[in-house]
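Visitor: Kindly generate the corresponding structure for this input.
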Amino acid sequence: MSQFFYVHPENPQARLISQAVAIIRNGGVIVYPTDSGYALGCQLENKQALERICQIRRLDERHNFTLLCRDLSELSLYARVDNSAFRLLKNNTPGPYTFIFKGTKEVPRRLMNAKRKTIGIRVPDNKIALELLEALGEPLMSTSLILPGNDYTESDPEEIRDKLEHAVDVILNGGYLSSQATTVVDFSDDEPQIVRLGSGDPSAFE
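Guide: Numbers count the residues shown, from 1 in each chain. Model (predicted):
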């Protein structure tokens, strides 16, 4: 059964964040709040934890996983980003966007889209998520918590507990959230393309 932490959305308790990081480093799967509903996460290198997330969401190899980053300083290590794309990202992060880029060799192959060799990058505007990333000291492998058959991200932590308490290791309750997913912008070709309209304003990328 998973642990369930009530985390203050504005002043996350350092003790709870540290416990969550320890669970992630020990191979755990986490449910945590973002600026566009709840998400599933695990350590970047952990294959078994990734497989558990794929089972929860019933994902196949075409899925674009996302690296959740605390800021853009980690970007060039994992994604191929030119100057114009970087400027756009700098002006629109943190925020409810997922950006798709060609991945670098630092990204484990199993996380990249099998055909296109792309990876999603995201800097969330959520205090709990950012504190978690700061304490972890590396990007979190992440995907929106959209359960099979649904088109929206889960927004109620108590409902998530009912559905997933035997499938994940820890749930960070950061309160009731918006259920609208991120806006997805694909930078893997020459011009940015809006792949999915979500809670982020797309006008800067059109």
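
Visitor: helix or strand for the spatially most central residue of the chain, which one?
Guide: The centroid of the chain falls nearest to residue 142 when counting by Cα atoms, centre = their mean (3.5 Å). Secondary-structure element containing residue 142, defined by DSSP states H and E: strand 140-144.

Visitor: I'd like the distance between the residue nearest to the centre of the chain and residue 155.
Guide: Relative to residue 155, residue 142 is positioned 16 Å away (Cβ to Cβ, to the nearest Å). Quick note: C-beta positions are derived from backbone N, CA and C, even for glycine.

Visitor: cool, residue 79 as well?
Guide: Taking Cβ to Cβ, one finds residue 79 at 28 Å from residue 155.

Visitor: neighbour-wise, which of those two wins?
Guide: residue 79 (26 against 18; other Cβ atoms under 10 Å).

Visitor: now could you export just the CA positions of stretch 48-65 as PDB?
Guide: What follows is stretch 48-65, C-alpha atoms only, in PDB (Å, rounded to 0.1, in the frame of the first residue of the first chain):
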ATOM      1  CA  GLN A  48      11.300  -1.500 -13.500                       C
ATOM      2  CA  ALA A  49       9.700   1.600 -12.200                       C
ATOM      3  CA  LEU A  50       9.100   2.800 -15.800                       C
ATOM      4  CA  GLU A  51       7.500  -0.600 -16.600                       C
ATOM      5  CA  ARG A  52       5.100  -0.100 -13.700                       C
ATOM      6  CA  ILE A  53       4.100   3.300 -15.000                       C
ATOM      7  CA  CYS A  54       3.500   1.900 -18.400                       C
ATOM      8  CA  GLN A  55       1.200  -0.800 -16.900                       C
ATOM      9  CA  ILE A  56      -0.800   1.800 -14.900                       C
ATOM     10  CA  ARG A  57      -1.300   3.900 -18.000                       C
ATOM     11  CA  ARG A  58      -1.200   1.100 -20.600                       C
ATOM     12  CA  LEU A  59       1.300   2.900 -22.700                       C
ATOM     13  CA  ASP A  60       3.100   1.500 -25.700                       C
ATOM     14  CA  GLU A  61       6.500   2.400 -27.300                       C
ATOM     15  CA  ARG A  62       5.000   5.300 -29.300                       C
ATOM     16  CA  HIS A  63       4.500   7.300 -26.100                       C
ATOM     17  CA  ASN A  64       6.500  10.400 -25.600                       C
ATOM     18  CA  PHE A  65       7.800  10.400 -22.000                       C
END
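
Visitor: so for it, what's the average pLDDT?
Guide: If you average the pLDDT over stretch 48-65, you get 90.

Visitor: Stretch 79-95 now?
Guide: Mean predicted lDDT for stretch 79-95 stands at 93.

Visitor: which residues are contacting it?
Guide: 35, 71-72, 75, 99, 101-104, 107, 119, 121, 123-126, 130, 187, 192, 200, 204-205 (Cβ atoms under 8 Å, 6 or more residues apart in numbering).
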